[in-house]
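**Q** Have a look at this prediction, sequence included:
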Amino acid sequence: MFNWIGLALQTLSRLPLEKLIKFKPSENPLRGSAEMATAAAPVAAPAALPAPAAPAAPAAAPPTPGQSALSSEELIAYQNRELGRELWLLERHLSQGCRIPDRKGRRTPCDCCAKGSFIAGMAYESIPIAERIGLPSKIYHEIAQWAEKLEPKVTVPAITEGGHDYKKLSGEASMLRKKLMGTISLKALDGEEKEAQIKSIP
Ligand SMILES: [Zn+2]
């Protein structure tokens with residue numbers, strides 16, 4: 001019976017000595033501290049674990065709500081494609097006299113050429129974007145003014161009356177598109193989903 005207690009005491013008294021022996025051979029201070037950390041670890045480690053993950057979080061830039069991540073270059077490229085596409089649609093429809101055949105095949109005035117104010121609005125909003133990155137904005141003024149002047153010429157009554165040269169107006173739309181895009185090629189209007197949309201137009 002006393003032997004058990006004696007053994008227990010002996011074991012307890014040997015524990016600190018074993019720890020000392022364990023640390024002593026390490027002359028490397030880093031290794032020593034690592035070992036000490038390991039030795040002291042059982043309770044401290046689980047609490048310390050979440051800490052290393054924390055510094056990684058601020059690395060990713062948080063998205064700023066209400067602010068576009070697009071650059072002015074990306075924005076103006078988008079505006080140009082949209083404007084170019086609208087001008088191209090107008091150019092096509094003006095060349096048809098802003099008329100589509102009814103069920104009996106009679107070419108009947110329609111109102112889809114009447115998007116001058118929409119185009120003008122888009123052109124006007126492009127001006128500050130272009131200027132912000134030092135691009136010339138003259139073409140946007142030209143498009144806006146042309147589109148505003150077009151508006152009264154393409155109402156259904158005006159088309160019915162027939163006092164305007166729509167072929168000529170179509171040519172003007174084409175010229176403005178070429179000036180804007182630097183080319184008459186429809187390829188310039190392609191962008192993401194644009195190609196599919198353009199191709200789907202009869
Ligand atoms: Zn139409």
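**A** Thanks, I have it. Numbers count the residues shown, from 1 in each chain.

**Q** alpha carbons only for contacts and neighbour counts from here, please
**A** Fine.

**Q** residues from the protein in reach of the ion?
**A** For the chain, the residues in contact with the ion (C-alpha under 5 Å from the ion) are 110, 112.

**Q** Show me the shaky parts of the protein.
**A** Scanning the chain for pLDDT under 70 picks out the ranges 1-65, 192-202.

**Q** Now do the helices in it.
**A** 2-23, 29-48, 72-95, 116-132, 138-150, 156-161, 166-181, 194-200 (DSSP state H).

**Q** Okay, angle between the third one and helix 116-132 too, please.
**A** So that's helix 72-95. With axes from the mean of the first three to the mean of the last three C-alpha atoms, to 10 degrees defining the directions, helix 72-95 sits at 150 degrees from helix 116-132.

**Q** Report the buried residues of helix 72-95.
**A** By neighbour count on 16 or more other C-alpha atoms under 10 Å, the buried set for helix 72-95 is 72, 76-77, 79-95.

**Q** repeat for the fourth one
**A** Counting neighbours by 16+ other C-alpha under 10 Å, one finds that the buried residues in helix 116-132 are 116-124, 126-127, 129-130.

**Q** quick one: which of those residues is nearest Arg106?
**A** Taking C-alpha to C-alpha as the measure, Arg106 lies nearest Gly116 of the buried residues of helix 116-132, at 25.4 Å.

**Q** List the buried residues in stretch 169-182.
**A** Those buried within stretch 169-182 under the rule 16+ other C-alpha under 10 Å are 169-170, 172-174, 176-178, 180-181.

**Q** mind putting those residues in TSV, distance to Lys187 included?
**A** Output for these, formatted as TSV (distance: C-alpha to C-alpha, whole Å):
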residue	distance to Lys187
Leu169	22
Ser170	19
Glu172	20
Ala173	17
Ser174	14
Leu176	16
Arg177	12
Lys178	12
Leu180	14
Met181	10
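
**Q** Between those, which sits nearest Gly163?
**A** Closest approach between the buried residues of stretch 169-182 and Gly163, by C-alpha to C-alpha: Leu169, at 12.3 Å.

**Q** Quick check: the nearest residue to Ser174 once chain neighbours are set aside vs Gly134, distance?
**A** In this structure, Ser174 finds its nearest non-sequential neighbour in Glu91, 6.0 Å apart by C-alpha to C-alpha, 6 or more residues apart in numbering. Glu91 sits 29 Å away from Gly134, going by C-alpha to C-alpha, to the nearest Å.
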